[in-house]
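Chemist: sequence and predicted structure, then a few things I'm wondering about:
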Amino acid sequence: MSAGQGGNATLNSLRRHLPLSSRTDAIELLDSGGLSMAEVELNLTDLARLNRLPGGTAASVDGVQRLLGARRDARILDAGTGGADMPLAFARRAWRSVGVDLHPEVLSIARRETAAEPLIEIVEGDAGALPFDDGAFDVAHCSLLVHHLQPADVVDALRELSRVACHGVVINDLRRGIWPFCATWASVMAFGRSWVTRRDGPVSVRRAYTLDELDRLLAEAGLVTRWRSNRWMPRVVTAASRA
């Protein structure tokens, strides 16, 4: 058997054994409510480390800048902010931002991490029912949030993000597929220090949407893709605005 045939056989074997043709309903540990504060904190530290890889923070910043154009002064919403490493990256661009999350433990960590940064505010809130006025922000952003949500909830969240953002919405998330699964597994094994990260990483890919599925959800929310990062990466950034 040639090397190419061997590679194809491996991919075919993965396709047979991994249920990637449709989304899984498996629950990530971070969503279970059963983790200790220390486990949550270590997981968020891992996610911040993984965000430094290609497709992470830098790609999100690029997506936001695509919607802002030449504008330098901006106010950004970060929904599902986690440990607030994205707002900290926005602050390095002199953008003001508000990080929103639902989980009390996560909010506590985010507030601690951003306490010394006056450009960042951390607020409790639900991406599907944001506590902000229409057009309160220039751009609404979310990273690794969409795959946690069921399709109807994704549409609700996208509509809310669009409602509060003048210029559009940026979504940074995994995409479902064999290559993203393998790349994500390798990344969390190499860079994850927490058993939660190593368990949740592959589940996240199985919960993720394909780009075609995401486009349909965007359309249902009244949004059109204006820019997209490299679509062959395990994580893809989509910048969208109202149709």
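Modeler: Okay, I see it.
Chemist: okay, now residue 83: neighbour count?
Modeler: 24 (other CB atoms under 10 Å). For the C-beta atoms, the positions are set from N, CA and C on the backbone; glycine is no exception.
Chemist: just the element for it, please.
Modeler: Assigned by DSSP states H and E, residue 83 belongs to no helix or strand.
Chemist: what's the closest non-adjacent residue to it?
Modeler: Counting by CB to CB, 6 or more residues apart in numbering, residue 44 is the residue found nearest to residue 83 once chain neighbours are left out, at 3.6 Å.
Chemist: same question for residue 20.
Modeler: Nearest residue to residue 20, sequence neighbours excluded (CB to CB, 6+ apart): residue 176, at 5.7 Å.
Chemist: that neighbour and residue 214 touch, don't they?
Modeler: No - using CB atoms under 8 Å as the test, residue 176 is too far from residue 214 to be in contact (9.9 Å).
Chemist: give me the sheet partners of the longest strand anywhere in the chain and which way each runs.
Modeler: Ranked by residue count under DSSP state E, the longest strand found in the chain is strand 165-174. In the sheet, strand 165-174 lines up against strand 137-143 (parallel), strand 235-242 (antiparallel) (DSSP bridges).
Chemist: what comes up buried for the helix or strand following it?
Modeler: Of the helices and strands lying after strand 165-174 in sequence (DSSP H and E), the nearest is helix 178-191. Of the residues in helix 178-191, 180, 181, 182, 183, 184, 187, 188, 191 count as buried by neighbour count, 16 or more other CB atoms under 10 Å.
Chemist: just stretch 24-44 next, same as before
Modeler: Across stretch 24-44, burial judged by 16+ other CB under 10 Å covers 28, 29, 30, 35, 39, 40, 41, 42, 43, 44.
Chemist: so who does residue 174 touch?
Modeler: Shown in contact with residue 174 (CB atoms under 8 Å, 6 or more residues apart in numbering): 144, 147, 180, 184, 204, 205, 208, 234, 235.
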